[in-house]
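Asks: Have a look; sequence and predicted model below, questions after that.
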Amino acid sequence: MTISKPSSARFTVCKAGAEAIAAWGACMGPDRNQILRALWLPARTVALGILAGVLRWRDPKLIEARILALSPRDQAAVVLAVLGGLFLVSLLFAQAGAVGMLGFLLLVIVLIG
């Protein structure tokens, strides 16, 4: 059994690809942060609305105050957990086809409204 050395052309392509990814990441850094900042407020608003719909016996302003009192990392964890849960519920309802998706839409309307 002989082990062949990888071709230099293949290594060059991999090296060039890694350099391109690094360059893209370096130039996209500020833009990515701006995009995330622009998405943060609407995502947090939606998550707070969903939490207020689920926890109807609590005052929505109290829920918002408690979330805002958390550290930014914990706030992000709460928002991601709520939106991730909503995504998983949508996948569950999607298994029932069009009727399931209409049911999911109705659920979201009831929660938010």
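Replies: Here it is on my side, so go on.

Asks: which intervals of this structure have sub-threshold pLDDT?
Replies: Residue ranges of the chain with pLDDT under 70: 1-30.

Asks: which residues touch the residue nearest the centre of the chain?
Replies: Centroid-nearest residue in the chain, with CA atoms, centre = their mean: L80, separated by 5.8 Å. By CB atoms under 8 Å, 6 or more residues apart in numbering, the contact list for L80 is empty. For the C-beta atoms, the positions are set from N, CA and C on the backbone; glycine is no exception.

Asks: what helix or strand does it sit in?
Replies: Element membership for L80 (DSSP states H and E) is helix 72-94.

Asks: after that helix comes which helix or strand?
Replies: According to DSSP H and E, the helix or strand after helix 72-94 is helix 98-112.

Asks: what does that following helix rub up against?
Replies: Contact with helix 98-112 is made by G49, I50, G53, V54, L86, V89, S90, F93, A94, A96, as judged by CB under 8 Å, 6+ apart.
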